[in-house]
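Novice: Pasting a predicted model and its sequence here:
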Amino acid sequence: MVTDRLADGVRIAELLASEVTGNESDLRGLTVADADRDVEPTADGALAYRIARERAGTDEGATEPIAEVYVQPDRARIEAVVAPDAAADAAREVDLRARPKAVHPPRTLVFVEDGAQVKRALGVLEAVGNASDTE
């Protein structure tokens, strides 16, 4: 039985980015944008990259951000910048910790505290991406 867990925020964010860029089915149309390859984790979270969705009906390559990924020393945090309710519902369904962020427009924070949770976080990104299509 494996007792080690991956609790390094930068590495968790790297795994998440790899899954987003390598997933050709459920996450089709999502991409990693504005990546900071030298990001250093902070207690409040440092912006590592944005998750963007291709804009339908626009020039090829045009994207809009749907989420931002921040790194802290022991975890990564996804901030859903669109469809905060969809992010919260999806996080609950896959047993990830989430909470609202009281800003305008509202956001939902989803915490990825272990490398093993990265696959579950993909469901959150899929829900946010799908919900942003209907907004």
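Specialist: Received it, and whenever you're ready, just let me know what you need. Numbers count the residues shown, from 1 in each chain.
Novice: Grab the longest helix from this protein for me.
Specialist: helix 118-134 (DSSP state H).
Novice: who does that helix touch, helix- and strand-wise?
Specialist: helix 9-22, strand 46-54, strand 63-72, strand 75-80, helix 84-93, strand 107-112 (3 or more CB pairs under 8 Å, 6 or more residues apart in numbering; DSSP states H and E). The way it works is simple: take the backbone N, C-alpha and C, and place the C-beta from them, glycine included.
Novice: Give me the distance from that helix to the chain's centre.
Specialist: 8 Å (CA atoms, centre = their mean, to the nearest Å).
Novice: next one: stretch 108-116
Specialist: With CA atoms, centre = their mean, you get 9 Å for stretch 108-116.
Novice: Might you report the residue contacts of the residue nearest the centre of the chain?
Specialist: For the chain, the residue sitting closest to the mean C-alpha position, by CA atoms, centre = their mean, is I78 at 4.1 Å. Contact analysis of I78 by CB atoms under 8 Å, 6 or more residues apart in numbering lists 16, 51, 67-69, 87, 109-110, 112, 121, 124-125.
Novice: Quick one: buried ones out of those?
Specialist: Applying 16 or more other CB atoms under 10 Å to the contacts of I78, the neighbour count classes 16, 51, 67-69, 87, 109-110, 112, 121, 124-125 as buried.
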